[in-house]
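[1] Okay, here's the prediction I keep looking at, along with the sequence it came from:
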Amino acid sequence: MVLRVIVGALKAGLEYTCAVMGGAALVISFWIGLGGNWFFDSHGYTHPGFIGALVSGIETFLLFLTTRLAILWFVDGCIVWACVSAANRLLRGSKLAIPAAAVISITCSAPIPFFASPVIAPSLPAYFLACFVTALLGCLWGVFLSIRIAHSQFQDSRLGWKHTAIGAAWIVCILFVWGNSTYARAKISSVKDPPLNVVLVKWTPEEGDVREEPLGKYSPAYQYVTDSEIEELRAAGLKGVLHGWAANPMPGAVRFVIVMSRPIDQATDLPKPSAENILYVQTEDGFRRFPPSAPTLNRTVRLIPAAPNQHNGLPSTCISVDIGLGHPKSAFCPVALSWLPAESENPLPSLQ
C-alpha cells in the first residue's frame, strides 16, 4: 500500500511538472512569439519574432528544470494528487468529484509562478499572467487527474517505462548542468587571476595638457583616472580631455584602464595584468600599454565592435573578460562604450 502511494505520487509529480510547468512555459512563449505584450510598459521593446521567442522559452525552461526551484512544481504535483485522491474517496460517485479536483488544482497551481516562474517575468503584470496560465492548465490537469485516478495505471505499484524515461531524462539533465558548472567553477578557481577594476575612458583631442573632466554637467564627481596615470600620459605627450564612462571599483582589484577615442573595426585582445595596474591607450599603431614593462597573462580582455541594431542605434564597443573559460563564441556581450557619428572621425593620438 505504501509503495503504491509513493509510486502514484511520483507519477503525478512528473506529469504535473511536464504538463503544467512545461505547458505554462510553452503557452507563454507562443503568446510572446505571436506578438503578445510580455513587458506591459511603454519602453518600446522590439518583438523577438516567433522562432526567437519559442527557442528562448524552451532554453529558459530547460535551464529552470535543473534548479532547485523546479522541485517546488514536482512537490506541488504530489500534493495535488494526494488532495484529489482524498476528494475522490470522500465524494465517490458524486458529480462534485471533478469540480472539487479542478478547484484543488487551481488553488495549488496559481501561486507557484510568484515563487518559481518557469519563464522570465519582467514585470508584475507578467507574473499575474503566468499565474493565470498556470491556474488554467492546473484546472485542466486536475480534471484529467480526477478522471484517471481510478485507472489501473495509478493503482499499479510499478512506475512504468514512460514515467521512468521522464524521470531519467530529468536526472541526466540535472547531472549534466551540475557537472558542467562544477567544472567551470573549478577551472576558474584554478586560474587565480587577480580581480580587475575595468575602467573605460574616452579621449577627446583638445589643446592643453591631458586632464579629466566630468562627462556631463550633472555627472557625479568621481575620478576615473588616477593622478599617477595622468602624469604617465602627460609624459607620453597625450593632450586633450578624458571622460570617464564606466568602472567597477572593488577592494584589492587591479586597475585595467582603457582609453579610446574612436570605435574599433575588429575584435582586439588586450592582455590582462598579472599583478600590477595597467593602462591601454588607443593610438595610431594600435593599443599601447603603460607601463610597457607591466607583466601580463595569456588571458585577455577583448574589445568587440558592434554595429547599430534595434536595441541600440549607435555603433558600440562591447567588452568580454576571460576569467579562465575563454571568450564566448556568440556575438553577444555587454556594451562598454557607445559612439556618436562624429566620434568615428576622431584622430588617434601619436604618443612619444
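    Yep, it's here. Residues are numbered from 1 along each chain as shown.

[2] Pretty sure residue 66 sits against residue 174.
    Yes: the criterion here is CB atoms under 8 Å, and residue 66 meets it with residue 174 at 4.9 Å. Just so you know, the C-beta spots here come from the backbone N, C-alpha and C atoms, and that holds for glycine as well.

[3] backbone phi and psi for residue 248, please?
    phi -130, psi 70 (degrees, to the nearest 10).

[4] Now for it, how many residues are close by?
    Close neighbours of residue 248, defined as other CB atoms under 10 Å, add up to 12.

[5] Who are the packing partners of the strand or helix carrying residue 5?
    Secondary structure from DSSP states H and E places residue 5 in helix 2-16. Using 3 or more CB pairs under 8 Å, 6 or more residues apart in numbering; DSSP states H and E as the contact test, the elements touching helix 2-16 are helix 70-90, helix 124-148, helix 152-155, helix 161-191.

[6] chain center to the strand ranked longest in the chain: distance?
    Secondary structure of the chain per DSSP state E: the longest strand is strand 196-209. Mean C-alpha position of strand 196-209 versus that of the full chain (CA atoms, centre = their mean, to the nearest Å) differs by 31 Å.

[7] ok, and what's touching that strand?
    Residues outside strand 196-209 that contact it (CB atoms under 8 Å, 6 or more residues apart in numbering): 210, 212, 224-225, 234, 238-250, 253-261, 272-273, 281-282, 301, 319, 321, 336-337, 343, 346-347, 349.

[8] Distance from the chain centre to the helix or strand just after it, please.
    Elements were assigned by DSSP H and E; along the chain past strand 196-209, the next helix or strand is strand 211-212. In terms of CA atoms, centre = their mean, the centre of strand 211-212 is set 36 Å apart from its chain centre.

[9] Make residue 1 into 55 and carry on from there
    Got it, first residue is 55 now, which makes that one strand 265-266.

[10] And residue 231, how far from residue 120?
    Residue 231 sits 4 Å away from residue 120, going by CB to CB, to the nearest Å.

[11] Kindly report the same for residue 78.
    17 Å.

[12] Between these two, tell me which one has more neighbours.
    Taking other CB under 10 Å, residue 78 and residue 120 do not tie; residue 78 has more neighbours (28 against 17).

[13] what about the more buried one, helix or strand, and which?
    Counting by DSSP H and E, the element that carries residue 78 is helix 76-87.

[14] for the record, mean pLDDT for that helix?
    The average pLDDT within helix 76-87 is 89.

[15] circling back: as a whole number, average confidence for the longest strand of the chain?
    According to the model, strand 250-263 has a mean pLDDT of 87.

[16] May I see the buried residues of it?
    250-257 (16 or more other CB atoms under 10 Å).

[17] now swap in stretch 84-94 and tell me
    85-87, 92.

[18] biggest separation within the residues you listed, which pair?
    Based on CB to CB, the longest span within those runs between 87 and 92 and measures 10.1 Å.

[19] Next step: the contacts of strand 250-263 restricted to helices.
    residue 288 (DSSP state H).

[20] Now list the buried members of the contacts of strand 250-263.
    264, 266, 278-279, 292, 294, 296-298, 301, 308-315, 326-327, 335-336, 355, 373, 375, 390-391, 397, 400, 403.

[21] which regions of this protein lie under the pLDDT threshold?
    When residues are selected by pLDDT under 70, those of the chain lie in 55, 94-102, 147, 204-211, 271-275, 364-366, 384-389, 406.

[22] Next, count neighbours for the closest residue to residue 328 other than its chain neighbours.
    Excluding the flanking residues, the one nearest residue 328 by CB to CB, 6 or more residues apart in numbering is residue 349, at 4.5 Å. For residue 349, the count of nearby residues is 10 (other CB under 10 Å).

[23] now do residue 367
    Look at residue 367: counted by other CB under 10 Å, it has 9 neighbours.

[24] So it, which state does it fall into?
    coil (DSSP: H, G, I helix; E, B strand; the rest coil).

[25] How much space separates it from residue 117?
    Separation of residue 367 from residue 117 (CB to CB): 31 Å.

[26] same deal with residue 185?
    Remark: distance between residue 185 and residue 117 (CB to CB) = 21 Å.

[27] All good on my end, thank you.
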